[in-house]
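J.: Structure for this input, please:
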Amino acid sequence: MMTVKRPFSIGDRIIIGDVRGDVYDITLTHIYLDEVGAGISSGEVTGRNIMVPNYLFFEQNIINYTLNHDFVLSSLDVSITYESDLDKAIEIIESVANKHLSELKEKHKEAPYTRISMAESSMIVSLKFYVPARQMMELKSKVTKEIYDLIKKEKKVEIAYPHTEVIFRNKK
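T.: Next up is the predicted model:
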């Protein structure tokens with residue numbers, strides 16, 4: 001399987017079953033991975049190493065993040081209250097994306113974009129962008145922080161969060 005199909009090579013970020021990591025060695029009996037994300041819900045290397053026996057390749061799905069290119073689609077959802085100025089929220093989110101992700105657009109040829117949907121108690125503005133698999137969490141963190149800071153300063157936009165509001169109405 002490894003010599004004929006070559007589903008990955010050293011340096012690729014892969015998922016085999018429920019194991020995710022960066023390949024750092026391939027032997028006749030095992031694949032060695034630097035584990036990514038397990039238990040900390042991120043795309044960052046944990047510092048643990050995983051030995052995956054080669055027989056698992058016949059039993060598990062193999063996902064290769066970096067087989068044909070280094071970029072993967074990432075998404076960042078921002079919940080905005082229904083009372084907010086939605087156009088202003090989109091403007092803030094897209095300006096931050098363009099600031100932080102403009103270099104990536106030149107490499108991947110696809111600009112960040114937004115999609116809007118309605119949720120039970122908020123509008124969801126989803127920022128979609130292609131990013132190198134190994135930089136996903138770092139860039140999402142920077143973009144999230146700046147979006148948060150700018151929304152906090154904007155009086156026409158509020159972040160939605162679960163809470164209860166009691167309104168008394170005088171009915172005659």
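
J.: Does the biggest helix by length in the chain pack against any helices or strands, and if so which?
T.: Ranked by residue count under DSSP state H, the longest helix found in the chain is helix 86-108. Other helices and strands packing on helix 86-108, by 3 or more Cβ pairs under 8 Å, 6 or more residues apart in numbering; DSSP states H and E, are strand 71-80, strand 113-118, strand 123-132, helix 136-153. (Each C-beta comes from the backbone N, C-alpha and C, glycine too.)

J.: Of those, which stretch is the most buried?
T.: Highest mean neighbour count of the helices and strands packed on helix 86-108: strand 123-132, a mean of 20 (counted as mean count of other Cβ atoms under 10 Å).

J.: Dump the C-alpha coordinates for that strand into PDB.
T.: Provided in PDB are the C-alpha atoms of strand 123-132 (Å, rounded to 0.1, in the frame of the first residue of the first chain):
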ATOM      1  CA  MET A 123     -27.300  35.900  12.800                       C
ATOM      2  CA  ILE A 124     -24.200  33.800  12.000                       C
ATOM      3  CA  VAL A 125     -21.600  35.500   9.800                       C
ATOM      4  CA  SER A 126     -19.200  32.700   8.600                       C
ATOM      5  CA  LEU A 127     -15.800  33.800   7.400                       C
ATOM      6  CA  LYS A 128     -14.400  31.200   5.000                       C
ATOM      7  CA  PHE A 129     -10.700  31.200   4.000                       C
ATOM      8  CA  TYR A 130      -8.000  28.900   2.700                       C
ATOM      9  CA  VAL A 131      -5.000  28.600   5.000                       C
ATOM     10  CA  PRO A 132      -1.900  26.400   5.300                       C
END
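
J.: next one: it to chain centre, how far?
T.: Here the centre of strand 123-132 is set off from its chain's centre by 8 Å, with Cα atoms, centre = their mean, to the nearest Å.

J.: Let me know the angle separating it from helix 86-108.
T.: Put simply, strand 123-132 runs at 10 degrees to helix 86-108, going by axes from the mean of the first three to the mean of the last three Cα atoms, to 10 degrees.

J.: quick one: contacts of strand 123-132?
T.: 70-82, 84, 86, 89-90, 93-94, 97, 101, 104, 108, 110, 112-118, 139-140, 143, 160 (Cβ atoms under 8 Å, 6 or more residues apart in numbering).
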